[in-house]
Structure formats: structure tokens, C-alpha cells
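J.: Here's my sequence, what's the structure:
(chains A, B, C and D)
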Number of protein chains: 2
Amino acid sequence: MVKQMTEMLKGTLEGIVLAMLFGRPAYGYEITAWLREQGFTDIAEGTIYALLVRFERRGLVDVEKVPSEKGPPRKVYSLNAQGQEYLDEFWRTWSFLSERLEQLREGGR
Amino acid sequence: MVKQMTEMLKGTLEGIVLAMLFGRPAYGYEITAWLREQGFTDIAEGTIYALLVRFERRGLVDVEKVPSEKGPPRKVYSLNAQGQEYLDEFWRTWSFLSERLEQLREGGR
DNA sequence: CTCACTATTCAGTGCTACTATCTACTGGTA
DNA sequence: TACCAGTAGATAGTAGCACTGAATAGTGAG
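T.: Prediction:
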């Protein structure tokens, strides 16, 4: 992975996954696969699982264990009220950053 | 500082400062002041100086020591060819991320 | 001569993504 | 039987970045 991307994902990947979870529960393996489809080809599976554990620990998601037809049971994550609030705040933070950057791109200071 | 912002700045702040430096040399104190004007009120001075040292070490900037009317001499940083190349790559990386996020914001997956 | 402003540096900390590896279940195939 | 590919999740150790908090140093105003 390009190092720039690795650093830029810090704090952003969290928002991406939270946004994915908005209104649509999902489990780790599924999330990883979807990210790869979207072009995030180098995101490690371990990274996603660690992220989901953090979400759970912070109380942003509800978790349900669901048996799978293939392989071990899935842990299905869904955004709860606190998670949605956190996602809103993420969008506010991202908007701020995004606006500054667009301004800079269009001719600077 | 909101923790979300702290994490999101990782990798992004680098691009912001590089973009500021594009076509217009500046020194640390000046950069910090300008960032504060732009609403980045909580970015620590130490953070900017550390960033500039990294730029220098990686050969992205040229440095010139210029005496100041007030206070100790300034270290004026200007983007060199390698720095501009790195900035281009930053914009590409950021565009990619930005597009995915806008897509997600507009209704997800 | 002390204060405020300008200007830079640095040691120590916390958080996040990455690497690499391990466990575990299912179904197909040689 | 033995093995492999695909599905699913966990974890120890590492690197990089922004932050905290402090120190140093020069100038001019009161």
C-alpha cells in the first residue's frame, strides 16, 4: 500500500465502515470484500476486525452472532443510536477538512 | 481537539502544508498562524515543526535561514521538484478517498 | 528588567493501520 | 483418507503521526 494512503486512512477508514453500516448491518468478512471491490485493495483483513472490535468496545454498534452456511459463525454488526451520532460527527469533521482541502486545491491560501 | 479530527489529520495535514507551500515559501510560525486562521485552532505548534523536519529529512523541501526583525532567525521552507511530485501524489490519493466518501454520503454502498 | 510576542526544538504518549500468523468450519477432489 | 480452497475471525508486534508540555532564544515596549 502507498504509505500516503495508509496514513490518510487513519480516522477515515473508521468513518467509511461506519457509513457502510448505516442502515445495513454487515459482518467483517463482508465489509472487507466490499472495500476491496471499491478499490481499497490493500486493506488488511486484520485491520477491519480490529476496527470492529473498537466499535464494539466503544458502544457504537450492536453485535449478533449468526451461524453461517459456510465456515464459522458470523458476527453481524449494526449501528446503534450512539453509533449514528458518532457518524454524524464524523461527517461534520470530514466536511470541514474536505472544504479546506478543496479551497487549497483551487488556488491555495 | 476532537479526537476524530486528530486521527483524520494524520496524512492529511502533511498534504495541507505541502499545498500551502506550493508556489509560496513559508516558515513554521507563519504556517501555524495561517492554519489557525483557517479554523485549525487546535493544531499544536510542535506538530508543524515536526512535520517540517520530516519534509526536510525526506528531501521534499529546500530550506533557507533568514534573519527576522523580531526574534530568532526563520527557517523558510520552499517546495522543490520532489516535493511537488509528492504533492501531486497526495492529491491523487486524496481524490480517491474523497470520491468514495462522497459516494457513501449520498446513499451508501 | 520584566513582559509579550516571535520562532524553533524535543522527549514522551496514545491511537491507528499494517504485517504475519493462527484457529476453525465447510465442501470438493485426488 | 488426505488435502486444499474458500469462508470467518483473532492477535502479537511494528511503524508512523499528531499531541502534550516544556525548554530555549531573540526583540521591542512599558
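J.: Residues contacting the helix ranked longest in chain A, please?
T.: Across chain A, the helix with the greatest residue count (assigned by DSSP state H) is helix A:81-105. Applying C-beta atoms under 8 Å, 6 or more residues apart in numbering or on different chains, the contact partners of helix A:81-105 are A:12, A:14-15, A:18-19, A:21-22, A:55, A:58-61, A:79, B:2, B:4-5, B:8-9, B:12, B:15-16, B:19-20, B:38-40, B:91, B:94, B:98, B:101, B:105. C-beta: built from backbone N, CA, C; applies to glycine.
J.: near DNA strand C, which residues of chain A?
T.: For chain A, the residues in contact with DNA strand C (C-beta under 7 Å from any atom of the strand) are A:1, A:5-6, A:9-14, A:42-47, A:50-51, A:54, A:69-72.
J.: So which of the contacts of helix A:81-105 belong to helices?
T.: A:12, A:14-15, A:18-19, A:21, A:55, B:4-5, B:8-9, B:12, B:15-16, B:19-20, B:91, B:94, B:98, B:101, B:105.
J.: For chain A, which residues score under the pLDDT cut-off?
T.: Chain A contains residues with pLDDT under 70 at A:1, A:108-109.
J.: coming back round to it: of the residues of chain A next to DNA strand C, just the buried ones, ChimeraX syntax please.
T.: In ChimeraX, this line selects whichever of the residues of chain A next to DNA strand C come out buried by 16 or more other C-beta atoms under 10 Å in any protein chain shown:
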select /A:5,6,9,11,12,13,14,43,47,51
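J.: Out of the residues of chain A next to DNA strand C, which are close to DNA strand D?
T.: A:10, A:45-46, A:50, A:69-72.
J.: Relative to B:Gly39, how far out is the residue positioned nearest the centre of chain A?
T.: Geometric centre of chain A, nearest residue: A:Val17, 1.9 Å, by C-alpha atoms, centre = their mean. Distance, A:Val17 to B:Gly39, using C-beta to C-beta, to the nearest Å: 27 Å.
J.: now swap in A:Lys70 and tell me
T.: 50 Å.
J.: A:Ser78 too?
T.: 34 Å.
J.: Looking at these two, which one has more neighbours?
T.: Set A:Ser78 next to B:Gly39 and count neighbours by other C-beta atoms under 10 Å in any protein chain shown: A:Ser78 wins out with 15 against 11.
J.: what residues are up against that one?
T.: A:Ser78 makes contact with A:21, A:25, A:61-62, A:64 under the criterion C-beta under 8 Å, 6+ apart.
J.: Report the secondary structure element holding A:Glu64.
T.: strand A:61-66 (DSSP states H and E).
J.: partners of that strand in the sheet?
T.: strand A:74-79 (antiparallel) (DSSP bridges).
J.: right, quick check: the strand it pairs with against DNA strand D, any contact?
T.: Yes. Under the criterion of C-beta under 7 Å from any atom of the strand, DNA strand D is reached by strand A:74-79 at A:74-76.
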